[in-house]
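Visitor: Structure here, sequence nowhere to be found:
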Ligand code: GTP
């Protein structure tokens, strides 16, 4: 039986704006690579190399980053939606490109799931679809999935009210589907896999199986989680071989130039072409992605993208800075700040 994969990468990523105004969320940089490469790794580990990318928003940016997949030892097929069709409509739109079984993944989830074990359970329980669940502390912002004793899914509850919270296991954004069941989906119209397809499948009497993933799981869809994922990778909470040399408990790329009078501490990443001048401090949880110049400033728990410059005496903390940002001297870019492409902050300014 041929198993394909679909990665849903057509969303606008509104919660991660302004980072995603120009660059789709699935290809935002995360340390040393575009985010989607983590997902290609997960699929490749389970020997799934036939991968369909369902694209709608800025498809050319995704294609420019990943091409035909050759460099990542996978084969990528792009299926375009003229207008976004939602998570289910996107899968239906790609039906013709699939084998008999398909793994569907949201394009914003990082997890150390054992895809082989998920596929095994799917086959053994003869499920029409399997949905991966993950326990979280506060499930109220997610879609909940209720099951019976045997792990068979009985009900979905989207964005539950407090009295409706009967489980802490949420939809983790990874499914295995028998391709034949896509006949339940309407074609060419917006349709939700969570609110449309799964309830319809359960109502039709087919078996929908749950697989609980207890390990690492995060979706990078908000500013706070995008910062968190960097910290988790840097601290080793999510194991990843970072393409840079170790420096104390952080990492610095071999092309980065770091003045001996700069202080670097905790878990940090200084990427290719970055310059860290005398008097600078790069503190825990900070990632300078590429060609960032820090001239005597302090960077704390922040992610700074490419070709950005931060002037002397400034403090950037708990912030996200995109490409080509200029932060002047003696500025305070504070917690929760998110600066889009090309923003200029003049000397002595404060944000948030
Ligand atoms: P927000 O706007 O911040 O909610 O982000 P989002 O647009 O990515 O939406 P959400 O996080 O709910 O989407 C989950 C996954 O489905 C992401 O990987 C999206 O790229 C993807 N997705 C959402 N809507 C569509 C769509 O209409 N078409 C396709 N192909 N993918 C979609």
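Guide: Alright, I've got the coordinates. The shown structure was predicted, so the numbers you read here are calculated from the model rather than taken from an experiment. Numbers count the residues shown, from 1 in each chain.
Visitor: which parts of the protein sit against the ligand?
Guide: 8-16, 25, 54, 56, 81, 84-87, 90, 106-108, 221 (C-beta under 6 Å from any ligand atom). The way it works is simple: take the backbone N, C-alpha and C, and place the C-beta from them, glycine included.
Visitor: residues contacting the closest residue in space to residue 68 that isn't next to it in sequence?
Guide: Closest residue in space to residue 68, ignoring its immediate chain neighbours: residue 76 at 5.7 Å, by C-beta to C-beta, 6 or more residues apart in numbering. By C-beta atoms under 8 Å, 6 or more residues apart in numbering, the contact list for residue 76 reads 51-53, 66-69.
Visitor: And residue 205, how far from residue 165?
Guide: 27 Å (C-beta to C-beta, to the nearest Å).
Visitor: before we move on, what about residue 124?
Guide: Applying C-beta to C-beta, the value for residue 124 to residue 165 is 30 Å.
Visitor: So these two - more neighbours on which side?
Guide: Legend: neighbour count by other C-beta atoms under 10 Å for residue 124 and residue 165, higher for residue 165 (13 against 9).
Visitor: can you map out the helices along this structure?
Guide: According to DSSP state H, the chain carries its helices in the segments 36-45, 59-66, 86-93, 115-124, 198-203, 223-234.
Visitor: Relative to residue 242, tell me which of those wins on proximity.
Guide: helix 223-234 (7.1 Å; C-beta to C-beta).
Visitor: Strictly from the record, what residue spans define the domains of the chain?
Guide: 3-219, 242-351 (automatic domain parsing).
Visitor: Out of those, point me to the one whose mean pLDDT is lowest.
Guide: Lowest mean pLDDT within the domains of the chain: domain 3-219, a mean of 93.
Visitor: Not counting sequence-adjacent ones, nearest residue to residue 346?
Guide: With C-beta to C-beta, 6+ apart, the residue lying closest to residue 346 is residue 328, at 5.0 Å.
Visitor: Who are the contact partners of that neighbour?
Guide: 311, 314, 344-349.
Visitor: and if we set it to 6 Å?
Guide: Residues near residue 328 by C-beta atoms under 6 Å, 6 or more residues apart in numbering: 311, 345-347.
Visitor: burial count for residue 71?
Guide: So residue 71, with other C-beta under 10 Å, has 10 neighbours.
Visitor: same thing with residue 269?
Guide: 25.
Visitor: what bridges to it?
Guide: Beta bridges link residue 269 to residue 251, residue 287, judged by DSSP bridges.
Visitor: I'd like to know how far the residue located most distally from the centre of the chain sits from residue 275.
Guide: Distance from the C-alpha centroid of the chain peaks at residue 261, with 35.3 Å (C-alpha atoms, centre = their mean). Residue 261 sits at a distance of 13 Å from residue 275 (criterion: C-beta to C-beta).
Visitor: repeat for residue 268
Guide: Residue 268 sits 15 Å away from residue 275, going by C-beta to C-beta.
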